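S.K.: I'd like to go over a predicted model; first the sequence, then the structure.
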Amino acid sequence: MDMPKNAFKAAIAAGELQVGIWNTIPDPSVVELLAGAGFDWILIDSEHTPVTTPAMMPLMQAASGYPVSTIARPGWNDMVEIKRLLDQGAQTLLIPYVQSVEEAEQAVRFVRYPPKGVRGVGGTTRASRYGAVKDYIQNAEKEICLLLQVESVEGMAQAEEIAAVDGVDGVFIGPGDLAVSMGYPGQPTHPEVKAAILDGIKRIKAAGKAPGILTLDPAFQDEARDAGAIFVAVALDASVLRAGAIAARERFQG
Ligand SMILES: O=C(O)C(=O)C[C@H](O)[C@@H](O)CO
């Protein structure tokens with residue numbers, strides 16, 4: 001069989017807005033439910049959830065029958081975690097807490113086979129559909145989409161340089177961590193944080209790469225899109241569930 005095409009990578013390269021949802025409830029049924037909800041992408045998170053890297057595969061498999069792209073977030077910019085996710089069939093990765101060009105270049109090496117990188121060669125893994133994709137090693141890089149997350153004052157200062165690194169497809173700004181780093185803990189929509197994010201989105205776009213963001217604030221979602229954000233997560237499963245449960249109870253109780 002042919003190498004599975006990465007629709008998300010093609011879409012962001014073409015500048016097509018991609019609307020996403022964050023998955024933090026690590027259950028295949030939840031991922032499958034979200035996969036059928038009409039989003040362009042689902043972020044499956046192992047940075048801030050109880051999921052360990054080996055447990056990510058059934059979550060990605062749950063979405064595989066639906067017209068949605070999955071993005072896997074490892075816990076760290078770590079060679080071992082990244083190669084395991086790639087072998088499990090992840091084609092798009094979001095790497096947290098990248099602060100420098102050196103760290104960005106390191107992430108690129110982690111997703112590429114030698115001589116360009118340091119990715120180890122797996123045997124018969126889901127990445128190659130257990131061997132059905134005959135030219136997997138030769139062509140893997142073409143369909144791998146690497147997204148880096150900048151979420152500190154230091155990382156934001158170098159956002160253009162990080163974005164410009166060859167092999168980086170997009171740069172995601174993490175509002176929660178950036179707010180803490182800027183001295184506004186728990187205030188990801190503080191005016192100064194928002195201004196820094198909108199400026200960052202413009203700088204990433206000017207560097208020729210796709211900017212991305214997660215915000216649950218509808219007005220800020222619109223502002224981020226209008227500033228040039230290409231992949232925008234507008235919901236997070238646990239927040240949706242909690243809000244829905246509370247709303248149902250409150251309506252009935254009055
Ligand atoms: O800094 C951020 O914001 C993010 O990185 C996103 C969060 O990790 C996500 O878990 C939402 O709370």
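M.R.: Here it is on my side, so go on.
S.K.: Now Gln106: closest residue in space that isn't a chain neighbour?
M.R.: Asn77 (6.5 Å; Cβ to Cβ, 6 or more residues apart in numbering). For the C-beta atoms, the positions are set from N, CA and C on the backbone; glycine is no exception.
S.K.: quick one: secondary structure of the one you found?
M.R.: coil (DSSP: H, G, I helix; E, B strand; the rest coil).
S.K.: Would you agree it is in contact with Gln99?
M.R.: No - if you go by Cβ atoms under 8 Å, Asn77 and Gln99 don't touch, sitting 9.5 Å apart.
S.K.: residue contacts, the residue nearest to Gln106?
M.R.: Asn77 makes contacts with Ile95, Pro96, Tyr97, Val98, Glu103, Gln106, Ala107, Phe110, as judged by Cβ atoms under 8 Å, 6 or more residues apart in numbering.
S.K.: ok, the closest residue to the ligand within the stretch 151-254 of the chain to Gly183 distance?
M.R.: For the stretch 151-254 of the chain, the residue closest to the ligand is Gly174, as judged by Cβ to the nearest ligand atom, at 2.6 Å. Relative to Gly183, Gly174 is positioned 16 Å away (criterion: Cβ to Cβ, to the nearest Å).
S.K.: Of the two, give the one with the bigger neighbour count.
M.R.: Gly174 (23 against 11; other Cβ atoms under 10 Å).
S.K.: Not counting sequence-adjacent ones, nearest residue to that one?
M.R.: Leaving aside its chain neighbours, Gly174 sits nearest to Glu151 (3.3 Å; criterion: Cβ to Cβ, 6+ apart).
S.K.: Next secondary structure element downstream of the helix or strand in which Leu178 is found?
M.R.: Using DSSP states H and E, Leu178 falls within helix 175-181. Following helix 175-181 in sequence order, the next helix or strand is helix 191-206 (DSSP H and E).
S.K.: What's the mean pLDDT across the helix or strand immediately after that next one in the chain?
M.R.: The first helix or strand that comes after helix 191-206 along the chain, using DSSP H and E, is strand 210-214. Mean pLDDT, computed over strand 210-214, is 98.
S.K.: between strand 210-214 and helix 191-206, how big is the angle?
M.R.: Our comparison of strand 210-214 with helix 191-206, counting by axes from the mean of the first three to the mean of the last three Cα atoms, to 10 degrees, yields an angle of 150 degrees.
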